[in-house]
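Chemist: build me a structure from this.
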Amino acid sequence: MAGVSYILVERSSNPKATANGILTVCDNLPADWSSADVSVPITLPAGGKTVWVSVSIQKTGQKKTVTVIGNPLGALRILPWLAGSTLQSAQPQGYKEGTDAPRGHISWEFVGTEAAHQTVTVTTKANVIVV
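Modeler: Just a heads-up that it's a prediction; the model follows:
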């Protein structure tokens, strides 16, 4: 449901990326859930140290916030699910729709120091059903 995965040996194609590893958060939080919080252990290849990354997904009405804290990898991808709704706003700027995200998601990619701690927020328009 939280959709957290990582790869240690790949480097982001972003030209600003200087270190290997990509942490991806691609949620599919069910409509009747208001939150999901997970801690993900990542064992680094250099030295075998394990770092615990915190991922929090909070949803209130049409607003969803995804927060990642403690990512030790070179890149972070956050791809919140819009649950079939139309995007109204997204923060921070720089998100992408379409090609870099699975259907129904938008995406951000952060590299370097910006990949360590990040929060993104999406607000969708309420679906109106006409009978």
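Chemist: residue 46: how many residues sit nearby?
Modeler: Other residues near residue 46 number 6, with proximity taken as other C-beta atoms under 10 Å. Backbone N, C-alpha and C define where each C-beta goes, glycine included.
Chemist: my bad, residue 120
Modeler: The local packing of residue 120 (other C-beta under 10 Å) involves 23 other residues.
Chemist: who does it bridge with?
Modeler: Here residue 120 sits in beta bridges with residue 66, as judged by DSSP bridges.
Chemist: state the distance from it to residue 93.
Modeler: 11 Å (C-beta to C-beta, to the nearest Å).
Chemist: repeat for residue 74
Modeler: The gap separating residue 74 from residue 93 is 22 Å, by C-beta to C-beta.
Chemist: what segments of this structure are strands?
Modeler: For the chain, the strands defined by DSSP state E cover 4-7, 22-25, 35-43, 50-60, 63-69, 75-78, 87-91, 96-97, 106-111, 117-124.
Chemist: which ones are touching the residue nearest the centre of the chain?
Modeler: Centroid-nearest residue in the chain: residue 78, 2.0 Å away (criterion: C-alpha atoms, centre = their mean). Taking C-beta atoms under 8 Å, 6 or more residues apart in numbering, we find residue 78 in contact with 24, 25, 66, 68, 107, 108, 110, 118, 120.
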